[in-house]
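Participant: Here's my sequence, what's the structure:
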Amino acid sequence: MVCELCESVITSDEKYKKLKDGSIKTHVYYGCCKSKDRDCKSGYINETDLIKQLQKLTNKLDLKKSPMQEKIKSEIRRFKKFQ
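Facilitator: Below you'll find the predicted structure:
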């Protein structure tokens, strides 16, 4: 994936939060690495929100013509299993 604003590569960043019960919650964010434009104003997006946007996009595509159809479906199933 590339940034919509500057076409730099998108990178992921994992954050960990310790909860009161002692468990640790992991959050994954995606954002522009700003390699092509140091002043890019693109922010970060939570992985959950990104998956929702990708699902909306794939609903608009005719994936029956694409060899990626099964790969995308398996990744969505894998993501939902972890939710």
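
Participant: Run through the strands of this structure in chain order.
Facilitator: Taking DSSP state E to define them, one finds strands in the chain at 10-18, 24-32, 44-46.

Participant: Any chance of a markdown table for those, columns mean pLDDT, mean neighbour count and distance to Leu57?
Facilitator: To be clear about C-beta, it is placed using only N, CA and C from the backbone, and glycine gets the same treatment. Shown next, in a markdown table, are these (pLDDT from 0 to 100; neighbours: other C-beta atoms under 10 Å; distance: least, C-beta to C-beta, whole Å):
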| stretch | mean pLDDT | mean neighbour count | distance to Leu57 |
| --- | --- | --- | --- |
| strand 10-18 | 93 | 11 | 15 |
| strand 24-32 | 93 | 14 | 15 |
| strand 44-46 | 93 | 14 | 14 |
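
Participant: May I see those strands organised as JSON lines, with distance to Ile72 added?
Facilitator: Putting the strands of the chain into JSON lines (distance: least, C-beta to C-beta, whole Å) gives the following:
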{"stretch": "strand 10-18", "distance to Ile72": "17"}
{"stretch": "strand 24-32", "distance to Ile72": "17"}
{"stretch": "strand 44-46", "distance to Ile72": "18"}
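
Participant: right, and those - which one's nearest Lys73?
Facilitator: When the strands of the chain are compared for distance to Lys73 using C-beta to C-beta, the nearest one is strand 24-32, at 20.6 Å.

Participant: So what are the sheet partners of that closest one and their directions?
Facilitator: As defined by DSSP bridges, the strand partners of strand 24-32 come to strand 10-18 (antiparallel), strand 44-46 (antiparallel).

Participant: shaky segments in this structure?
Facilitator: Within the chain, the set of residues satisfying pLDDT under 70 comprises 62-66, 83.

Participant: Identify the residues contacting Asp10.
Facilitator: Check again: residue 10 is Ile, not Asp. For Ile10, the set of contacting residues under the criterion of C-beta atoms under 8 Å, 6 or more residues apart in numbering consists of 1-3, 30-33.
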